[in-house]
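> Can you look at this prediction? I've put the sequence above it.
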Amino acid sequence: WSVGQVGSRTGADLTICTPIASVTVANRSLAGLSASGGSVVAAVEHTGGSVYALSITAGGRAVESLDGGVTLRLPCPGADPGTVAVLPQDDGSRLVLRRSAAVDGVLTVPLSGPAQVEIVSNGRSFDDVSASSWAYGAVSFASGHGLFSGTGANTFSPDLNMTRGMLAAVLHNLADNPDSAHSAAFSDVDSGVYYADAVAWAFEQGIVSGYGSGVFGAEDSVTREQLALFLWRLAGSPGPEGSAQSWADQGGISPYALQAVDWAHSAGILSGVGGGRFDPQAHTTRAQAAVVLMNYNRLYNDQMLSLLDNLCAPSGITAMEDGTLLITDVYNKVVWQVKGGASSVYAGGGTVAGPYGQPVGGYNDAGLAQSYFKYPWAVAPFLDGYAVSDAENNAVRLIRTESIQTVNGSTTERLATTQLGVA
């Protein structure tokens, strides 16, 4: 499969796994890469300390930027919520990548193209947020990502209500402070206040609206339903992740905020307050807003994973009679099935990882989940199943409904399963 075919025939992003990190290229970037001709090569180099350099070439030429962007995922054991990726600048400063997020020991870094990034623990400590506080991690996240600043030299004021102007500024920060073509025409937003540009941008993007008569209410406290509404609009007004929650105080939720509340709850961004209640008109504190923003940022990074993102090195593909796609993955040493918007392993069991984290693979004919591949390269219909060329085992493996069988004689690897250290 060529890069262009992955882009046009699957609609999925392409993930390239290197010994150091994985690199995901957005689907709409693939056609441009393939147009360059030749091979596409992505490399991640650990240049020292916590600095990593991503380079991409297409047809032997260096790629400087990608239309749909690229996502770098770096192992980051021990990362805390304030851990971020930064771009070192020529003047010695560092630009915080606010959309980067560390979850479960992996730092996800959205980029516009190849770059050199540094991993830093950037969260601040405040005198009024103790390490034992339920909000400590979220406050570290918010300060480390440059979303919130403190209210004083060493104070965060976690119990202070979040205002509508404050929230506009935080969302503007999360979006990396884009310019606005126009100023927001609100009579109560003076051009000299710190949130003026943020309100103008958020209004232009349809994220916030006023109360009518040209009033924004910048100093009013943000309610829980308003917080859900603004984030829902920022996310593009998506549908709920599952069935809608029926709240005991459902009637208190404004009709225009119902979809937003359903989405925020189902996506795990905003929870209820207990007793089956959402409490839509309750005010939101700065600490509570920090927690919600951390949840939102993690959701954003999760949604960047495409349907085929688990396929680190897709190689061969064929269609089954019902339209299900079978795709070989030479990195993970398995055969995937893709059907109805979901992917799962169809054949091949998991083996232990080598020194750089890649599954070592192996050789064993058994049931679908108990068999092992070393380098599943191509796949095609054959007899009553599907033939897979297992190149490093010098074998053609026949996948039937419930088992796998070698069909061309012996292989070069005769290690027993126990010798492979199979998990």
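That came in fine, so what should we check first?
> Same question for the closest residue in space to residue 158 that isn't next to it in sequence, what's its three-state structure.
Of all residues not flanking residue 158 in the chain, residue 287 sits nearest, at 3.5 Å (CB to CB, 6 or more residues apart in numbering). From N, CA and C alone the C-beta is placed, and that goes for glycine too. Put simply, residue 287 is helix when judged by DSSP: H, G, I helix; E, B strand; the rest coil.
> Next, work out how far apart residue 287 and residue 134 are.
8 Å (CB to CB, to the nearest Å).
> neighbour-wise, which of those two wins?
More crowded of residue 287 and residue 134, by other CB atoms under 10 Å: residue 287, with 24 against 11.
> ok, that one to residue 326 distance?
Between residue 287 and residue 326 the distance is 49 Å, computed by CB to CB.
> Helices of the stretch 201-350 of the chain, start to end?
224-234, 258-266, 286-303 (DSSP state H, counting those that start in this stretch).
> what's the closest of the ones you listed to residue 23?
With CB to CB, the closest approach to residue 23 among the helices of the stretch 201-350 of the chain belongs to helix 286-303: 14.9 Å.
> Report the contact partners of residue 316.
Counting by CB atoms under 8 Å, 6 or more residues apart in numbering, residue 316 makes contact with 1, 327, 328, 376, 377, 378, 379, 380, 388, 389.
> Please spell out the ChimeraX selection for the buried subset of those residues.
Remark: buried members of those, expressed as a ChimeraX selection using 16 or more other CB atoms under 10 Å:
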select :327,328,376,378,379,388,389
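> Mind checking which of the contacts of residue 316 land in strands?
327, 328, 376, 377, 378, 379, 380, 388, 389 (DSSP state E).
> can you give me the helices in the stretch 1-150 of the chain?
Listed in chain order, the helices of the stretch 1-150 of the chain (DSSP H, counting those that start in this stretch) span 3-10, 27-35, 136-144.
> Give me whichever of these is most buried.
Each of the helices of the stretch 1-150 of the chain was scored by mean neighbour count; the highest is helix 136-144, a mean of 24, by mean count of other CB atoms under 10 Å.
> can you give me the angle that one makes with helix 286-303?
Using axes from the mean of the first three to the mean of the last three CA atoms, to 10 degrees, the direction of helix 136-144 lies 80 degrees away from that of helix 286-303.
> what helices or strands is the following helix or strand past helix 136-144 leaning on?
Proceeding N to C from helix 136-144, the next assigned helix or strand is helix 164-174, under DSSP states H and E. Other elements packing on helix 164-174 under the criterion 3 or more CB pairs under 8 Å, 6 or more residues apart in numbering; DSSP states H and E are helix 196-204, helix 224-234, helix 286-303.
> How about exporting helix 164-174 as CSV, limited to the C-alpha atoms?
Extracted as CSV, the C-alpha positions of helix 164-174 are listed here (Å, rounded to 0.1, in the frame of the first residue of the first chain):
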residue,chain,number,x,y,z
ARG,A,164,-17.2,34.9,31.8
GLY,A,165,-14.3,37.1,30.9
MET,A,166,-11.8,34.8,32.7
LEU,A,167,-13.2,31.8,30.8
ALA,A,168,-13.0,33.6,27.4
ALA,A,169,-9.3,34.3,28.2
VAL,A,170,-8.6,30.7,29.1
LEU,A,171,-10.2,29.3,26.0
HIS,A,172,-8.3,31.9,23.9
ASN,A,173,-5.1,30.6,25.6
LEU,A,174,-6.0,27.0,24.8
